[in-house]
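1. Just the structure for this:
(one chain, ligands or ions: 3)
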Amino acid sequence: MKEQMWNDVDDYFTDKLHNTDPVMKAVQQNNADSGLPGIDVSANHGKFLSLMVKMTNAKNVLEIGTLGGYSSIWMGRGLPENGRIVTLEYKNVHAKVARENIERAGLSDKIEVIEGAALETLPTLKSKGWTSFDLIFIDADKPSYPEYFKWALELSRPGTVIIADNVVRGGRVLDPEDPTGKAVRNFMDLMADENLIDGTALQTVGAKGYDGFAIGIVK
Ligand code: SAH
Ligand code: DHB
Ligand code: MG
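-> Ligands and ions are numbered 1, 2, ... in the order given. Sure, this is the predicted structure:
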């Protein structure tokens, strides 16, 4: 009942605010046709990420967890002319589909997909010239979130915005038995260090159920 209402309201905002279009629909269709799981961000959350890129004037963006590039494309749309995104994905098929989608969205010159396990590719970014990012979106495997946070700090400067998806997961963040809940709590322990970052977390409902984002600004 409530879930139906959340979906209806999400659809209402998506349509009202024009937060989808034929390219985004084609991306979702290509993902589904290629057998990718439908765990990308919602349309309104994609637009939110795009607005975050604009609000922070981000030029260099890091994404950990590409899937089919849906959120990458949203953030890509928020970039200025000289803006760039590097997005990390360990599944070959996901990276391939993401590159197709990014091409279709006309963003191949701005978004680079790096294939491989993120904990192996993150240490290579500095030598590839990515010294510090303006905005970092963490959205890959939840057990590695604490490690991703440490890498995000390593690749940040004061003022870098760090956003992490799926920190609520239907309330599992508080489940003492859930291993990913524990990993998210360990991540939140790092987010809570006021010497490092000033943060908050927002619960969300809608097309992707009950979940949430953590957001912080590096000190
Ligand atoms: N950001 C995407 C959704 C990402 S889903 C969107 O909103 O459109 C999470 C992705 O992280 C999946 O594609 C999964 O294959 C990838 N992933 C999981 N573990 C990973 C790892 N260790 N390194 C890199 N990518 C990983
Ligand atoms: C999962 C991953 C996500 O990034 C997401 O937004 C939802 C679910 C998952 O691995 O189940
Ligand atoms: Mg996610």
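
2. Any idea how far stretch 208-216 is from the middle of the chain?
-> The chain centre lies 10 Å from the centre of stretch 208-216; the measure is CA atoms, centre = their mean, to the nearest Å.

3. Just confirm yes or no for that stretch near ligand 1.
-> No. Stretch 208-216 lies apart from ligand 1 when judged by CB under 6 Å from any ligand atom; the minimum separation is 9.3 Å. The way it works is simple: take the backbone N, C-alpha and C, and place the C-beta from them, glycine included.

4. Now that stretch - C-alpha only, CSV.
-> The C-alpha trace of stretch 208-216 is given here as CSV (Å, rounded to 0.1, in the frame of the first residue of the first chain):
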residue,chain,number,x,y,z
LYS,A,208,13.8,1.7,-5.6
GLY,A,209,12.1,1.0,-2.2
TYR,A,210,13.4,2.2,1.2
ASP,A,211,17.0,3.2,1.1
GLY,A,212,19.3,6.3,1.5
PHE,A,213,22.4,8.3,0.8
ALA,A,214,25.2,9.4,3.0
ILE,A,215,26.7,12.7,2.0
GLY,A,216,29.7,14.5,3.4
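
5. near ligand 2, which residues of this structure?
-> Ile39, Asp139, Asp165, Asn166.

6. roughly how far apart are the last one and Gly206?
-> Asn166 sits 13 Å away from Gly206 when distances are taken as CB to CB, to the nearest Å.

7. same question, Trp74
-> Separation of Trp74 from Gly206 (CB to CB) stands at 15 Å.

8. thinking again about what came up before, between Asn166 and Gly206, which is the more surrounded one?
-> Taking other CB atoms under 10 Å, Asn166 and Gly206 do not tie; Asn166 has more neighbours (23 against 20).

9. ok, and the closest non-adjacent residue to Gly116?
-> Nearest non-adjacent residue to Gly116, counting by CB to CB, 6 or more residues apart in numbering: Tyr90, 5.8 Å away.

10. in the helix or strand encompassing Val97, what's buried?
-> Following DSSP states H and E, one finds Val97 within helix 92-104. Across helix 92-104, burial judged by 16 or more other CB atoms under 10 Å covers His94, Ala95, Val97, Ala98, Arg99, Glu100, Asn101, Ile102, Arg104.

11. tell me which of the residues you listed is nearest to ligand 1?
-> For the buried residues of helix 92-104, the closest approach to ligand 1 (CB to the nearest ligand atom) belongs to His94, at 4.3 Å.

12. ok, how many other residues are close to the nearest residue to that closest one once chain neighbours are set aside?
-> Leaving aside its sequence neighbours, His94 sits nearest to Leu67 (CB to CB, 6+ apart; 5.5 Å). Using other CB under 10 Å, Leu67 has 25 other residues around it.

13. Alright, I will stop here.
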